[in-house]
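A.B. asks: what's the 3D shape of this:
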Amino acid sequence: MDKTARAKIIVDQVLALDPKFGKAAPPRTVQSTSRTRSISDDPRWEARWSIEYEKGPDGEMWDLVELFVYRQARLTVAARDEQVIPRFFIPGKWEQIFFPFDSADTVPLLPN
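C.D. replies: This is a model prediction of the structure:
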């Protein structure tokens, strides 16, 4: 399974927890005007969901979802509707927190 498929599974699970475990959070940056949520149901991880964070090339707004596992950034994606585009992904055993998958993938996806 590739990084995009795994990222989608993780992000879907995290965002599904928002109604029960999400809470308002400070924006990602001082300049940001997007509404931000903090989500976690487990002390091992926390997600920050910046809603309508940036415009895509088509002019539509995209969310930014950042996942921190053991307080370290592990995954950042741009998300809209059912689309997920990984921007930063450090694969590892931590993925098993979200689904039973043991990948041999150890190559990080880092921003350009």
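A.B. asks: only C-alpha atoms from now on, for both contacts and neighbour counts.
C.D. replies: Will do.
A.B. asks: what's the closest non-adjacent residue to residue 76?
C.D. replies: Spatial nearest neighbour of residue 76, excluding adjacent residues (Cα to Cα, 6 or more residues apart in numbering): residue 66 at 4.4 Å.
A.B. asks: report the beta-bridge partners for the one you found.
C.D. replies: Here residue 66 sits in beta bridges with residue 48, residue 76, going by DSSP bridges.
A.B. asks: state the distance from it to residue 101.
C.D. replies: 20 Å (Cα to Cα, to the nearest Å).
A.B. asks: same question for residue 20.
C.D. replies: For residue 20, the distance to residue 101 - Cα to Cα - is 25 Å.
A.B. asks: and the residue nearest to residue 76, what is it in contact with?
C.D. replies: By Cα atoms under 8 Å, 6 or more residues apart in numbering, the contact list for residue 66 reads 47, 48, 49, 73, 74, 75, 76, 77.
A.B. asks: so the nearest residue to the last one once chain neighbours are set aside is in which element?
C.D. replies: The shortest distance from residue 77 to any non-neighbouring residue, by Cα to Cα, 6+ apart, is to residue 86 (4.3 Å). Using DSSP states H and E, the secondary-structure element containing residue 86 is strand 83-89.
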